[in-house]
Structures are given as structure tokens and as C-alpha cells.
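Colleague: The following block contains a protein sequence and its predicted model.
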Amino acid sequence: MHENEIAKLILDSAFKIHKEVGPGLLESVYEELLAFELGKNGLSVKRQVGIPLLYESIKMEIGFRADLIVENKVIVELKSIETILDVHKKILLTYLKLSGLKLGLLINFNVSLLKEGILRIVNRLDL
């Protein structure tokens, strides 16, 4: 399955969750619900995945955690905050570069309309 197909399934599930429970919950609640929905749809989901940093001869195994990695192809970072900042986008792009993955979704559930809380970040993705 291509990253774009996976992203559509992720977003469909996120819209369903947002419609059911609305904004204002903790990020961990949305993470649990999204992992549940994606698993119901037959997708492989890993939660709180450590992303190592390799620098010359040093390998750091700690410090970087992706909220969700779906089908080993798409990183999903979840937020429940007032405003997405540039730093959130940069962090997701860094996760993509460090992991070698090509597509990331930054989803902020703390918005009235979920489509306003979704950002797609790419790292050399083939369309």
C-alpha cells in the first residue's frame, strides 16, 4: 500500500474520532483512539516509537519518539493544542529524515473543524 493510500485511511479515522469525541481531550486519548481505529481497519500501528539519531560514531536511542508509525511508512504526530507552531512541523520533518520515511501527518485535534488541524509533511515522497 502506498503512503498516500495509508494517509487517506488515517485521515478518515481521525475525522471519525473528531466527530465522535470532539476537541479538548489529551493527546494520549486521541493516540489510543486512532491506534484502535487503524487496527480495526487492518493496519499495522506502532505507538511511541523511538527514533534513533546517528551522528558519526554515536547512536542515540533515546529522546525522539514518534506518536504513531502506520504500516512502517507514515509517521503520525498528534497534538491537542491551540496552535500548531513551525517547530512542530520541523520536528516531524526531522523524524522523517532520521527514520528514512517519506510521509508524515501532523494532526491537531484541538480545533473546531479537523481539516484546519491537519498538515502533511513530506520527505522525498514519490507521488
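Modeller: Cool, got the structure. Numbering: from 1, shown residues only.
Colleague: longest helix anywhere in the chain?
Modeller: helix 3-21 (DSSP state H).
Colleague: per-residue confidence at the residue nearest the centre of the chain?
Modeller: Note on the chain: the residue nearest the mean C-alpha position is V76, at 0.8 Å, using CA atoms, centre = their mean. What the model reports as pLDDT for V76 is 97.
Colleague: part of a strand, is it?
Modeller: Yes: the assignment for V76 is a strand, going by DSSP: H, G, I helix; E, B strand; the rest coil.
Colleague: quick one, what contacts it?
Modeller: Contact analysis of V76 by CB atoms under 8 Å, 6 or more residues apart in numbering lists I10, L34, A66, D67, L68, I69, V70, G104, L105, I107. For glycine as for every other residue, the C-beta is placed from the backbone atoms N, C-alpha and C.
Colleague: And those, which is closest to M1?
Modeller: For the contacts of V76, the closest approach to M1 (CB to CB) belongs to V70, at 9.7 Å.
Colleague: Now for the closest one: which residues touch it?
Modeller: I6, I10, L38, L43, S44, V45, V76.
Colleague: which residues does it bridge with?
Modeller: V45, V74 (DSSP bridges).
Colleague: Y95 against L68, yeah?
Modeller: No: taking contacts as CB atoms under 8 Å, Y95 lies outside contact range of L68: 11.2 Å.
Colleague: how close does I62 get to I51?
Modeller: As judged by CB to CB, to the nearest Å, I62 and I51 stand 10 Å apart.
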